[in-house]
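Engineer: Provided below are the primary sequence and the corresponding predicted coordinates.
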Amino acid sequence: MNHPTPAFASADPDRRFWATAGLGLAALVLPTFWDFLFGEWASYSQGHEVLLLAAGAWLFYRQADTIAALPDRPATWGPILVLSLGLLFYALGRTQQFLRVEILSLFFILAALLACFKGWAVLRHTWFVLLFLLFVVPLPFSVILIVTGPMKEAVSVVASTVLGWVGYPVGHVGVVITVGQYQLLVAEACAGLHSMFILEAMGLLYSNLMNHQSWLRNVLLAVLVVPLSFLANVLRVMILVVVTYHFGDRVGQGFLHNFAGLVLFGLALALIGGADRALGAVLPERYRR
């Protein structure tokens with residue numbers, strides 16, 4: 001008597017492999033990012049990681065046909081070694097609670113899985129996605145302290161100076177801005193290191209989607225993201241100071257504080273688009289495309 005062949009066994013071997021590899025990768029990724037975004041490591045998260053992960057998944061989806069069209073390659077010792085090291089470092093980071101080691105190991109595991117079956121040539125098509133996803137890795141706290149200090153003071157100086165020019169009774173001492181009877185502390189969130197980090201990622205994504213062939217235009221746009229992000233953060237602080245002066249501290253530090261963060265990203269992305277158009281207008285013809 002003939003027994004029916006299970007649907008999974010009769011499926012396309014390529015689909016079976018990708019389903020198995022995808023489930024195995026998900027078994028590593030999901031616990032890590034659940035702990036990072038909602039669990040014991042949530043204090044390291046800045047809230048933009050879900051957006052970056054969603055954008056990275058979409059970028060991979062855009063490359064799916066290109067990756068599938070690459071010829072299959074037998075697994076060689078190079079990708080297998082990288083995969084083994086990635087799994088080893090994942091186990092180390094997971095068991096010893098080294099969050100950055102745990103997250104970084106996932107990038108090596110993903111790259112090695114692709115290379116095991118498509119060869120290293122697959123990285124020519126996926127390098128940007130892997131680079132983009134590195135922005136998910138949280139910055140070391142020591143770096144945040146070193147860089148954010150001068151940035152907080154610079155933001156408070158520029159914001160208070162500009163508001164003083166237009167007639168507001170504003171002063172500052174270090175990172176504390178005084179307006180009328182209120183005092184506002186320019187904290188790490190307002191200083192903009194994290195927002196610069198994500199906006200740099202968004203700037204790279206913008207350049208990739210625009211598909212400019214000019215390396216000069218792409219490099220200049222990536223560099224311009226830093227001052228544009230600083231400008232957007234200054235405008236955010238100015239909005240909060242003006243709102244606090246007219247409507248009180250409760251309004252300035254309540255819903256509008258978080259809403260100003262959304263305005264910041266919208267404004268910064270608009271500035272990035274404007275800067276790109278300006279570069280297209282001023283660069284020599286051979287560097288515009």
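Structural biologist: Received the coordinates, thanks. Numbers count the residues shown, from 1 in each chain.

Engineer: Can you name the residues that contact the closest residue to Lys118 other than its chain neighbours?
Structural biologist: By the measure of C-beta to C-beta, 6 or more residues apart in numbering, the closest residue to Lys118 outside its immediate chain neighbours is Leu70, 4.7 Å from it. To be clear about C-beta, it is placed using only N, CA and C from the backbone, and glycine gets the same treatment. If you count contacts by C-beta atoms under 8 Å, 6 or more residues apart in numbering, Leu70 has them with 118-119, 121-122, 125.

Engineer: try Leu228
Structural biologist: Residues in contact with Leu228 (C-beta under 8 Å, 6+ apart) are 199, 268, 271-272, 275.

Engineer: picking up where we left off before, can you list phi and psi of the residue nearest to Lys118 for me?
Structural biologist: Leu70 adopts backbone torsions of phi -70, psi 140, taken as degrees, to the nearest 10.

Engineer: For it, give me the pLDDT.
Structural biologist: In the predicted model, Leu70 carries a pLDDT score of 83.

Engineer: measure it to Phe132 for me?
Structural biologist: Using C-beta to C-beta, to the nearest Å, Leu70 is found at 20 Å from Phe132.

Engineer: Strands of the stretch 51-200 of the chain, start to end?
Structural biologist: Using DSSP state E, counting those that start in this stretch, the strands of the stretch 51-200 of the chain run over 170-173, 176-179, 182-185.

Engineer: Dump the last one to CSV, keeping only the CA atoms.
Structural biologist: Included here for strand 182-185 are C-alpha records, laid out as CSV according to Å, rounded to 0.1, in the frame of the first residue of the first chain:
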residue,chain,number,x,y,z
TYR,A,182,11.2,77.8,34.6
GLN,A,183,14.4,75.7,34.3
LEU,A,184,15.0,73.0,31.7
LEU,A,185,17.7,70.5,31.7
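
Engineer: Give the buried residues for that strand.
Structural biologist: Neighbour counts over strand 182-185 (16 or more other C-beta atoms under 10 Å) mark Leu184 as buried.

Engineer: for the first one, same thing?
Structural biologist: By 16+ other C-beta under 10 Å, the buried positions in strand 170-173 come out as 170, 172.

Engineer: Which residues does it contact?
Structural biologist: Residues from elsewhere that reach strand 170-173 (C-beta under 8 Å, 6+ apart): 156-157, 159-160, 163-164, 177-179, 241.

Engineer: Let me know the closest of the contacts of Leu70 to Gln213.
Structural biologist: Nearest to Gln213 among the contacts of Leu70 is His125, at 16.9 Å by C-beta to C-beta.

Engineer: need the strands of the stretch 51-200 of the chain in TSV with distance to Gly248 and mean pLDDT, can you?
Structural biologist: As requested, the strands of the stretch 51-200 of the chain are exported to TSV (distance: least, C-beta to C-beta, whole Å; pLDDT from 0 to 100):
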stretch	distance to Gly248	mean pLDDT
strand 170-173	16	80
strand 176-179	11	80
strand 182-185	8	71
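
Engineer: about what we covered before: widest-spaced pair of the contacts of Leu70?
Structural biologist: Gly119 and His125 (11.2 Å).

Engineer: So these two - more neighbours on which side?
Structural biologist: Taking neighbours as other C-beta atoms under 10 Å, Gly119 and His125 compare with Gly119 leading, 18 against 15.

Engineer: So which of the contacts of Leu70 sit within helices?
Structural biologist: Using DSSP state H, the subset of the contacts of Leu70 located in helices is 118, 125.

Engineer: Pick out whichever of the contacts of Leu70 sits closest to Gly39.
Structural biologist: Val122 (32.1 Å).

Engineer: That closest one and Val241, how far apart?
Structural biologist: For Val122, the distance to Val241 - C-beta to C-beta - is 50 Å.

Engineer: So between those two, which is more surrounded?
Structural biologist: Set Val122 next to Val241 and count neighbours by other C-beta under 10 Å: Val241 wins out with 25 against 21.
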